[in-house]
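1. Please find the sequence and the predicted model below.
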Amino acid sequence: MKMAIMSEVEIVDKVFGFIVGSYETTATTITLTMKYLKQNTEFFNEIMEEQNEISRQMIPRKELCWNDIQKMKKTWNFVNEVLRNTPIVQGVFREAIEDFTYEDFHVPKGWKIYLSFGATQKNGEYIPNPTKFDPSRFEGNEVVPYTSVSFGGGHRMCPGKEFARILILVFLHHVLKKFRWEAKVPLEKNMYPFSLLAIPTDGYPVTLSTL
Ligand code: HEM
């Protein structure tokens, strides 16, 4: 049997894809969520309440289970609002499979189209009050499909979304229950450096204290 062997460049490409596509995205989302939690303190208490209630219901169990994760609705809405405001993946490319015209622009078959998540997710036509940080917009079915697309959309939507959701929520649960933190660089900005991702300029250094 003939074995298909990947070239060194292909191996590097795949490893890089795994690291950026799964690890960096999840880690950066956690970092940004912790940053936004400090900047939007009005939501901190309700998220703490949700996490405390989950801890109460867990007794005598010590480890989180699937049902606990499903109850972290306010926490996940908050994360979604963080990603709407600061889409860590800025956008994706698609290829036109046939000629089409959109708003007077003629796009020939084969052209690459860039979908900007930042522009889509702040479009006031579909997102009411787009500049307001408001996690409650993710309650119920209020967000119009394909207007908040931090994980992409359609056939190529992120297959790691649910896995990322679990990682992020489990991590946040433990951080919130065990620590408080203060930003070491109070007005730190987020920027898109050489990678795809929105990263705080100094890496969001914090001082942690145990509860
Ligand atoms: C917060 C975390 C994450 C975010 C924001 C994110 C975001 C995205 C986005 C925007 C895309 C492009 C979707 C599209 O083209 O419509 C994508 C694709 C992808 N993601 Fe994620 N992702 C995250 C975590 C993960 C994790 C944890 C994994 C794997 C364990 C993963 C694996 C992939 C793969 C394999 C693709 C390519 C899918 C394809 O082209 O068919 N992602 N992700």
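-> Nice, I can see it. This one's a predicted model, so the numbers in the text were calculated from it and none came from an experiment.
2. Please make it C-alpha for all contacts and neighbour counts, starting now.
-> Will do.
3. low pLDDT regions in the protein?
-> For the chain, applying pLDDT under 70 flags the ranges 1, 193-196.
4. got the residue ranges for the strands in it?
-> Counting by DSSP state E, the chain has strands at residues 91-95, 100-102, 105-107, 112-116, 179-183, 190-191, 199-200, 206-210.
5. what residues does this structure put near the ligand?
-> Proximity of the chain to the ligand, by C-alpha under 6 Å from any ligand atom, involves residues 21-22, 25-26, 29, 89, 92, 150-153, 156-161, 163-164.
6. Could you rerun that using 5 Å?
-> Along the chain, the residues adjacent to the ligand under the rule C-alpha under 5 Å from any ligand atom are 22, 25-26, 151-153, 156-158, 160, 164.
7. can I get the strands of the chain in CSV with mean neighbour count?
-> Shown next, in CSV, are those (neighbours: other C-alpha atoms under 10 Å):
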stretch, mean neighbour count
strand 91-95, 13
strand 100-102, 9
strand 105-107, 11
strand 112-116, 13
strand 179-183, 15
strand 190-191, 16
strand 199-200, 20
strand 206-210, 11
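8. picking that back up, okay, and which of the residues of the chain next to the ligand map to helices?
-> With helices defined by DSSP state H, the entries of the residues of the chain next to the ligand inside them are 25-26, 164.
9. Do you have the helices of this protein handy? List them.
-> Applying DSSP H to the chain gives helices spanning 8-18, 25-39, 44-58, 66-70, 73-85, 117-120, 161-178.
10. quick one, what contacts the residue positioned nearest the centre of the chain?
-> Central residue of the chain (C-alpha atoms, centre = their mean): residue 83, 4.4 Å from the mean position. The contact partners of residue 83, by C-alpha atoms under 8 Å, 6 or more residues apart in numbering, come to 29, 150.
11. what does the one 10 residues further on give?
-> Residues in contact with residue 93 (C-alpha under 8 Å, 6+ apart) are 112-115.
12. what about 6 Å?
-> 113-114 (C-alpha atoms under 6 Å, 6 or more residues apart in numbering).
13. Look up the residues forming beta bridges with it.
-> Residue 93 forms beta bridges with residue 114, as assigned by DSSP bridges.
14. how far away is it from residue 24?
-> Residue 93 is 20 Å from residue 24, where distance means C-alpha to C-alpha, to the nearest Å.
15. And for residue 140?
-> 29 Å.
16. again with residue 44
-> 25 Å.
17. Likewise for residue 34?
-> Distance from residue 34 to residue 24, by C-alpha to C-alpha: 15 Å.
18. do residue 58 as well
-> For residue 58, the distance to residue 24 - C-alpha to C-alpha - is 30 Å.
19. Between the two, point out the one with more neighbours.
-> Using other C-alpha atoms under 10 Å, the more surrounded residue of residue 58 and residue 24 is residue 24, with 17 against 14.
20. residue contacts, the more buried one?
-> Going by C-alpha under 6 Å, 6+ apart, residue 24 touches no other residue.
21. switch to 10 Å and redo it
-> For residue 24, the contact set (C-alpha atoms under 10 Å, 6 or more residues apart in numbering) comprises 17-18, 30, 88, 196-197, 199.
22. Adding distance to residue 73, write these out as TSV.
-> Shown next, in TSV, are the contacts of residue 24 (distance: C-alpha to C-alpha, whole Å):
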residue	distance to residue 73
17	30
18	28
30	16
88	21
196	28
197	25
199	25
